[in-house]
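Undergrad: got a structure for you, letters missing:
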């Protein structure tokens with residue numbers, strides 16, 4: 001009931017400003033999506049703003065726990081989300097506008113855990129793993145037979161790992177280092193244990209399936225223009 005009321009308030013507040021901007025949701029994912037003085041910042045976020053600006057559109061970028069961001073993007077028309085892994089299961093659920101990142105995910109543990117040895121995905125099933133709701137990696141590992149501890153966002157998964165309530169979490173080694181900086185951890189406090197091939201995927205700016213197709217086309221065209229300009233600049 002509490003979440004339903006929150007969602008209704010979100011919809012009402014958004015439509016109050018709908019003439020001026022379009023809702024874009026994301027999660028905390030240093031360094032690409034961070035919150036600075038109440039504003040969503042980071043390299044991926046700046047690319048999103050550039051895509052919208054080039055299309056003469058205004059984004060209203062908001063950061064939520066991943067489970068909430070995904071639910072909003074699935075249910076509210078003319079809403080956009082990033083960085084969303086493009087998977088076969090999601091292919092028909094969104095409009096895919098532009099690739100903005102690439103994930104190479106695997107298992108992360110505390111460096112002090114010298115008892116954790118993983119040489120294949122099957123071996124990881126004996127460990128307790130924290131993963132985010134509605135994340136493609138969670139869905140993939142559950143389909144492979146994993147039992148996981150569900151959290152609402154990546155930071156909560158890290159918190160469970162740091163509190164030694166789980167053995168592993170799933171993240172990209174690059175993002176692991178950035179999250180370590182964000183959480184003010186020693187760079188050697190965490191270690192990347194094993195890369196899961198099934199969890200290598202491109203991440204996109206995507207749109208709710210009920211989004212005005214003219215908006216989708218405009219943003220796709222904008223991204224291609226930006227890509228072309230940057231390509232030309234790199235060749236000069």
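TA: Alright, I've got the coordinates. Predicted, not measured: the structure shown is a model, and the values here were computed from it.
Undergrad: low-confidence ranges, this protein, go.
TA: 1-19, 232-236 (pLDDT under 70).
Undergrad: number of nearby residues for residue 73?
TA: Using other CB atoms under 10 Å, residue 73 has 26 neighbouring residues. In short, each C-beta sits where N, CA and C put it, glycine included.
Undergrad: hang on, it is in a helix, isn't it?
TA: Yes. Checked against DSSP: H, G, I helix; E, B strand; the rest coil, residue 73 lies within a helix.
Undergrad: verify the contact between it and residue 211 for me.
TA: No. Residue 73 is beyond contact range of residue 211, at 9.8 Å (criterion: CB atoms under 8 Å).
Undergrad: which residues are common contacts for these two?
TA: 79-80 (CB atoms under 8 Å, 6 or more residues apart in numbering).
Undergrad: and stretch 77-89, what's buried?
TA: Within stretch 77-89, the residues that count as buried by 16 or more other CB atoms under 10 Å are 78-86.
Undergrad: how about the closest residue to residue 87 other than its chain neighbours, what does it touch?
TA: Excluding its sequence neighbours, the residue lying closest to residue 87 (CB to CB, 6 or more residues apart in numbering) is residue 136, at 4.9 Å. Counting by CB under 8 Å, 6+ apart, residue 136 makes contact with 85, 87, 89-90, 199, 201.
Undergrad: nearest to residue 155, of those?
TA: Nearest to residue 155 out of the contacts of residue 136 is residue 85 (CB to CB; 18.2 Å).
Undergrad: please report how far the closest one lies from residue 229.
TA: Separation of residue 85 from residue 229 (CB to CB, to the nearest Å): 27 Å.
Undergrad: swap in residue 34?
TA: 26 Å.
Undergrad: now do residue 184
TA: In terms of CB to CB, residue 184 sits 38 Å off from residue 229.
Undergrad: swap in residue 183?
TA: From residue 183 to residue 229 the distance is 36 Å (CB to CB).
Undergrad: compare those two (neighbour count), which wins?
TA: residue 183 (14 against 11).
Undergrad: could you find the closest non-adjacent residue to the more buried one?
TA: The shortest distance from residue 183 to any non-neighbouring residue, by CB to CB, 6+ apart, is to residue 158 (6.6 Å).
Undergrad: can you tell me the SS state at the one you found?
TA: Going by three-state DSSP: residue 158 is helix.
Undergrad: surely it touches residue 179?
TA: Yes. Look at residue 158 against residue 179 with CB under 8 Å: they come within range, at 6.1 Å.
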